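Enquirer: Pasted the sequence and its predicted model underneath.
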Amino acid sequence: HVNHPPPFLPVFSTTHCIAQYMALRTGICTALNQETLDKLKVAGIKKVTDFLAKDPELLSHDIHIAYKDVCSIRRVLLAEHSAYPVSAARLYQNALSSLTILPTGCQNLDDLLDGGLYTGEVTELAGESASGKTRLCLWSAASTILTENQSVVYIDTCASFSPECVLESLPLDKDSNSDVSEDKIHEMLQKIRCVELFEIFELFAVIDNIMSDLNKPSPDEYRNLKLVIVDNLVSVVYPIMGGNIRLCQGLISQLGMKLKELAVSHSLAILLTNNLTSSFNGSKRKPALGKAWSHVPHTRLLLQRPMGVSCHQNSQREACLVKSSRQVTLNL
């Protein structure tokens, strides 16, 4: 019942991706044709950084390329790979013009979040197993698609997506007319795109695919996308934590940067779920993935059952705002 995107090409390593991105190739600009590319390779210039490090006049003389072509290639490379300053006033206006606050489906939680999930921000729900994280993700997805021209990407890492739970959250009158109800259900579920994945590199590929489509002048698949949910992020991170520590930290940092870039650049709300882990002395439980990851979410909520109550006794949950870029929070 839920649309699935086409399969994504696997990403084998972060180093491999960066090397491909920084390699000189034809098509970057008209001056960088195959003949020019071959001359650069013979001279040992294979990457963007190799080219930009050379003096344009000396490079033109050494490998017999027209000086105007060298300057043309250089301008294109600098435009593509350099960061340009933007005034705070412009950023503020962009934020005001593109800001949307998405409801979570729980009024008390919306009040705690100062209205709901903000586009341009990463929100994390952290809690123990059975604390209600997935249910809140499904409620948020259902609440988002109720608004016209808003769609959701639900990234499911533990096969926990439930269309039935989404339907329960939709205010549809299923008893009035079964045919109309079925049409309405189909129309609503078409606005949620569910992706099942179980490896961190598959997650990178999904994010890259979304960004690639949204960067088009007229996006094809994700034109009305407003909310991206990554349910149980640790499921794709834990398998790599037993290997190279530096590589693991690098991948986690890169994932955080990509998620923030996706949220800010395309005015999307990103909703993640995280587990709790014990500190070395066992004194208290805290969100997993370490201190480096703690800087990624703009907003972090801690979900827990009321003290002394088991999950079978009471369906109520307590939510504590422990990090926010806009509000006063509780230090834990």
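Expert: Good, I have the coordinates.
Enquirer: So the protein: which segments form each domain?
Expert: With automatic domain parsing as the criterion, the domains of the chain are listed as 14-81, 92-323.
Enquirer: out of these, deepest packed?
Expert: Stretch with highest mean neighbour count among the domains of the chain: domain 92-323 (a mean of 17; mean count of other CB atoms under 10 Å). Just so you know, the C-beta spots here come from the backbone N, C-alpha and C atoms, and that holds for glycine as well.
Enquirer: From the chain's centroid, how far away is that one?
Expert: Put simply, domain 92-323 sits 9 Å off its chain's centre (CA atoms, centre = their mean, to the nearest Å).
Enquirer: Need the contact partners of the host helix or strand of residue 154.
Expert: Using DSSP states H and E, the element containing residue 154 is strand 151-156. Contacts to strand 151-156, defined as CB atoms under 8 Å, 6 or more residues apart in numbering, come from residues 2, 137, 141, 144-145, 161, 191-197, 203, 206, 210, 222, 224-232.
Enquirer: Could you pull out the strands in the stretch 151-300 of the chain for me?
Expert: If you assign secondary structure with DSSP state E, counting those that start in this stretch, the strands in the stretch 151-300 of the chain sit at 151-156, 192-196, 225-231, 269-274, 276-278, 285-287, 299-304.
Enquirer: possible to save the ones you listed as TSV with distance to residue 93?
Expert: Conversion of these to TSV gives the following (distance: least, CB to CB, whole Å):
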stretch	distance to residue 93
strand 151-156	26
strand 192-196	31
strand 225-231	20
strand 269-274	20
strand 276-278	39
strand 285-287	34
strand 299-304	23
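Enquirer: Reformat these as TSV; add mean pLDDT.
Expert: Written out in TSV, the entries for the strands of the stretch 151-300 of the chain read as follows (pLDDT from 0 to 100):
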stretch	mean pLDDT
strand 151-156	97
strand 192-196	95
strand 225-231	97
strand 269-274	97
strand 276-278	85
strand 285-287	86
strand 299-304	93
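Enquirer: closest to residue 107 out of these?
Expert: Smallest distance to residue 107 across the strands of the stretch 151-300 of the chain (CB to CB): 14.9 Å, for strand 299-304.
Enquirer: Can you list the strands that the closest one pairs with?
Expert: strand 122-127 (parallel), strand 318-323 (antiparallel) (DSSP bridges).
Enquirer: Can I get that strand in CSV, CA atoms only?
Expert: What follows is the C-alpha trace of strand 299-304 in CSV, where atoms were taken according to Å, rounded to 0.1, in the frame of the first residue of the first chain:
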residue,chain,number,x,y,z
THR,A,299,16.0,19.5,19.5
ARG,A,300,16.2,16.4,21.6
LEU,A,301,13.3,14.8,23.6
LEU,A,302,13.7,12.1,26.2
LEU,A,303,10.7,9.7,26.3
GLN,A,304,10.1,7.4,29.3
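Enquirer: now that strand and strand 269-274, what's the angle there?
Expert: Note on geometry: by axes from the mean of the first three to the mean of the last three CA atoms, to 10 degrees, strand 299-304 and strand 269-274 are set 40 degrees apart in direction.
Enquirer: before we move on, which element is the residue with the largest distance to the centre of the chain in?
Expert: Of all residues in the chain, the one whose C-alpha sits farthest from the chain's mean C-alpha position, using CA atoms, centre = their mean, is residue 61 at 45.3 Å. Secondary structure here is read from DSSP H and E; on that basis residue 61 sits in helix 56-63.
Enquirer: What mean pLDDT does the helix or strand just after that helix get?
Expert: From helix 56-63 onward toward the C-terminus, using DSSP H and E, the following helix or strand is helix 67-81. Per-residue pLDDT values over helix 67-81 give a mean of 90.
Enquirer: who touches helix 67-81?
Expert: When contacts are defined by CB under 8 Å, 6+ apart, helix 67-81 is touched by residues 22, 28-32, 36, 48, 51-52, 56-57, 59-60.
Enquirer: and of these, the nearest to residue 126?
Expert: Comparing the contacts of helix 67-81 against residue 126 with CB to CB picks out residue 22 as the nearest, at 35.5 Å.
Enquirer: Wait, that closest one touches residue 51, no?
Expert: No - in this structure residue 22 lies outside contact range of residue 51 using CB atoms under 8 Å: 10.1 Å.
Enquirer: the inter-axis angle of the longest helix that the chain contains versus strand 269-274?
Expert: Ordering each helix of the chain by length in residues (DSSP state H) puts helix 245-265 first. Here helix 245-265 points in a direction 150 degrees away from that of strand 269-274 (the same axes, to 10 degrees).
Enquirer: Let me know the angle separating helix 245-265 from strand 225-231.
Expert: Using the same axes, to 10 degrees, one finds that helix 245-265 and strand 225-231 are set 150 degrees apart in direction.
Enquirer: Packing partners of helix 245-265?
Expert: Of the remaining helices and strands, those touching helix 245-265 by 3 or more CB pairs under 8 Å, 6 or more residues apart in numbering; DSSP states H and E are helix 14-22, strand 122-127, helix 200-214, strand 225-231, helix 234-237, strand 269-274, helix 290-294.
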